[in-house]
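> Quick one: sequence plus predicted model below, questions after.
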Amino acid sequence: MRYKYLFIAFAAAVFLASCSTTRKAARGKSGQVSGWNTGDCVTQRTGLVLKSGDRSVSLGGSLRMKRDDVIQMNLTYGFLGIGVGSMELTQDSVLFVSRMTKQYTRSSYDELSEIVGKRISFADIQRYFWGEAGEGKTPVVSWKYTGFSDMGDDRRLPSGLELSVKSPGRSADALIQLSNPRVDDDWNKRTRINERNYDRLTLEQVARLLLSIVNRL
């Protein structure tokens with residue numbers, strides 16, 4: 001798998017995982033307490049390890065969130081922190097940016113839901129990153145938390161998440177490690193794209209790209 005495509009593949013896997021346990025999370029079976037309020041902002045350092053067979057790659061980056069408004073994840077590679085890609089989720093749109101290939105796609109949740117075959121909303125995905133979704137498992141995807149950081153006042157954030165994706169003859173695993181969580185409002189809440197320097201992809205084009213990645217695993 002080429003590094004410049006890693007983030008797009010990871011982001012798609014996150015959405016598949018959110019489909020697998022949306023119903024469980026909506027029923028509140030996770031048993032987790034949340035003391036977060038609308039508008040609360042946090043940042044965390046991110047470490048991502050992707051594995052497929054005997055291949056693996058480690059990425060760094062950051063996760064920034066404003067409750068009920070936006071989730072931003074940026075991934076970097078290597079000691080110099082070369083930008084690989086970013087993902088931004090808001091209430092009404094989903095943005096993927098491949099920094100290395102100068103490509104991006106922005107779509108609605110209706111478009112995304114049609115691609116994956118199940119209804120997805122910002123609230124569904126937000127539960128995962130704020131630590132409010134239970135474990136999930138389907139024949140294709142499984143997802144679970146590996147730990148939490150106590151933020152005080154009955155508030156906590158995930159410190160580790162494991163994701164596994166399996167298909168006939170292929171499998172891939174991702175470990176997301178989150179550290180140094182802090183309440184922080186000093187960051188740009190929206191990503192700006194210079195469309196003169198970036199090519200816009202459709203969701204159909206992204207889907208074809210994902211299939212080509214899977215075929216290389």
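Done, it's in.

> Flag the shaky bits of the chain, pLDDT-wise.
Scanning the chain for pLDDT under 70 picks out the ranges 1-33, 80, 115-116, 167-170, 207-217.

> Could I get the full set of strands for it?
Assigned by DSSP state E, the chain shows strands spanning 41-52, 55-66, 70-77, 82-90, 94-98, 103-107, 136-137, 141-152, 155-167, 170-183, 199-200.

> Determine the set of other helices and strands touching the fifth one.
Right, strand 94-98. Contacts defined by 3 or more Cβ pairs under 8 Å, 6 or more residues apart in numbering; DSSP states H and E place strand 94-98 against helix 3-26, strand 82-90, strand 103-107. To be clear about C-beta, it is placed using only N, CA and C from the backbone, and glycine gets the same treatment.

> How about the second one, which residues are buried there?
In terms of neighbour count (16 or more other Cβ atoms under 10 Å), strand 82-90 has its buried residues at Gly83, Val84, Gly85, Ser86, Met87, Glu88, Leu89, Thr90.

> closest to Ala123 among those residues?
Nearest to Ala123 out of these is Leu89 (Cβ to Cβ; 10.5 Å).

> Which residue is the nearest non-sequential neighbour of the closest one?
Ile71 (4.4 Å; Cβ to Cβ, 6 or more residues apart in numbering).

> What residues does the one you found make contact with?
Contacts for Ile71 (Cβ atoms under 8 Å, 6 or more residues apart in numbering) come out as Leu63, Arg64, Met65, Met87, Glu88, Leu89, Ile125, Gln126, Phe129.

> Tell me which residues touch Asn197, please.
Lys102.

> returning to what we had before: need the strands of the chain in JSON lines (columns: distance to Arg119).
Converted to JSON lines, these look like this (distance: least, Cβ to Cβ, whole Å):
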{"stretch": "strand 41-52", "distance to Arg119": "27"}
{"stretch": "strand 55-66", "distance to Arg119": "22"}
{"stretch": "strand 70-77", "distance to Arg119": "18"}
{"stretch": "strand 82-90", "distance to Arg119": "15"}
{"stretch": "strand 94-98", "distance to Arg119": "14"}
{"stretch": "strand 103-107", "distance to Arg119": "15"}
{"stretch": "strand 136-137", "distance to Arg119": "16"}
{"stretch": "strand 141-152", "distance to Arg119": "16"}
{"stretch": "strand 155-167", "distance to Arg119": "20"}
{"stretch": "strand 170-183", "distance to Arg119": "24"}
{"stretch": "strand 199-200", "distance to Arg119": "25"}
